[in-house]
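K.L.:
here is a sequence with its predicted model. Questions after.
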Amino acid sequence: EDQVTQSPEALRLQEGESSSLNCSYTVSGLRGLFWYRQDPGKGPEFLFTLYSAGEEKEKERLKATLTKKESFLHITAPKPEDSATYLCAVHVDGGSQGNLIFGKGTKLSVKP
Amino acid sequence: GAVVSQHPSRVICKSGTSVKIECRSLDFQATTMFWYRQFPKQSLMLMATSNEGSKATYEQGVEKDKFLINHASLTLSTLTVTSAHPEDSSFYICSARVQGQEKAFFGQGTRLTVV
């Protein structure tokens, strides 16, 4: 069974304290891995797509990396406005077009 | 990026009534849209895949007669929760994918509370 596991469930950081979020996946065939940001009461906002092991993407203080088993979302010198839940999702071979399997997310809190 | 608009953002209804949620792709055509449900601290769970001009495909365990989906045009899909009960209270989110792209864009979500 295809599975996506995110850790930690929650992460509290001080402003400027860099850290990483993990997304481990067990899927039959990966077509793409996605990172989304979700603010309370809102829909997910697209951040990155990664397609193959070794690929990296960056956007401001965020950097996403991918291996054959997991993806990391690195947050460098976070700010309070980075506080949100970060969701990882995979698109797998054989899945309905566009269907994504989501992890439960990591809730990030950045204190000033 | 592409914009998906979902309406309403919040709705409170009485038990036994029906509620309709709209999902529109504003700047692109979406032959396929997806409806998810999200409980607190849980993953987004796919409920159904909405196909323009044809019947929706429901995931196992989702009652098709309770969650009616209509995708009458390339920019609009609707989810109607019929005879709502308190256990239907949840956060419902739609998404659509731009043809030729892998990434999906999500609506703002609808918080449904059944009292």
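P.N.:
Nice, I can see it. No experiment lies behind these values; they were computed from the predicted model shown. Numbers count the residues shown, from 1 in each chain, chains lettered A, B, ... in the order given.

K.L.:
what does chain A put close to chain B?
P.N.:
Counting by Cβ under 8 Å from any Cβ of the partner chain, the positions of chain A adjacent to chain B are A:4, A:9, A:31-32, A:34, A:36, A:41-46, A:49, A:51, A:87, A:89, A:91, A:96-100, A:102-105. Every C-beta, even on glycine, is put in place using the N, C-alpha and C of the backbone.

K.L.:
what about burial for those, which qualify?
P.N.:
Listed as buried from those are A:4, A:32, A:34, A:36, A:42-46, A:49, A:87, A:89, A:91, A:98-100, A:102-105; burial here means 16 or more other Cβ atoms under 10 Å in any protein chain shown.

K.L.:
just the strands in the chain please.
P.N.:
No chain in the question, so chain A it is. Counting by DSSP state E, the segments of chain A that form strands are A:3-7, A:10-14, A:19-26, A:30-38, A:45-50, A:56-59, A:62-66, A:70-75, A:84-92, A:101-102, A:106-111.

K.L.:
hmm, no, I was thinking of chain B.
P.N.:
When assigned using DSSP E, the strands of chain B occupy the ranges B:4-7, B:10-13, B:19-25, B:32-38, B:44-51, B:57-58, B:67-73, B:76-81, B:90-97, B:104-106, B:110-114.

K.L.:
in a markdown table: those strands, plus distance to chain A and mean neighbour count.
P.N.:
Output for these, formatted as a markdown table (distance: least, Cβ to the nearest Cβ, whole Å; neighbours: other Cβ atoms under 10 Å in any protein chain shown):
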| stretch | distance to chain A | mean neighbour count |
| --- | --- | --- |
| strand B:4-7 | 7 | 19 |
| strand B:10-13 | 8 | 14 |
| strand B:19-25 | 10 | 21 |
| strand B:32-38 | 6 | 24 |
| strand B:44-51 | 5 | 22 |
| strand B:57-58 | 7 | 17 |
| strand B:67-73 | 13 | 17 |
| strand B:76-81 | 13 | 22 |
| strand B:90-97 | 4 | 25 |
| strand B:104-106 | 4 | 24 |
| strand B:110-114 | 7 | 19 |
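
K.L.:
with distance to A:Thr65 and mean pLDDT as extra columns, can I get these in TSV?
P.N.:
Output for the strands of chain B, formatted as TSV (distance: least, Cβ to Cβ, whole Å; pLDDT from 0 to 100):
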stretch	distance to A:Thr65	mean pLDDT
strand B:4-7	28	95
strand B:10-13	37	97
strand B:19-25	31	96
strand B:32-38	26	93
strand B:44-51	23	91
strand B:57-58	34	92
strand B:67-73	37	91
strand B:76-81	34	96
strand B:90-97	24	93
strand B:104-106	21	89
strand B:110-114	34	97
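
K.L.:
the residue sitting nearest the centre point of chain B: what's it in contact with?
P.N.:
Among the residues of chain B, B:Trp35 comes closest to the average C-alpha position under Cα atoms, centre = their mean, at 3.6 Å. B:Trp35 sits next to B:23, B:46-50, B:67, B:69, B:77, B:79, B:92-94 when contact means Cβ atoms under 8 Å, 6 or more residues apart in numbering or on different chains.
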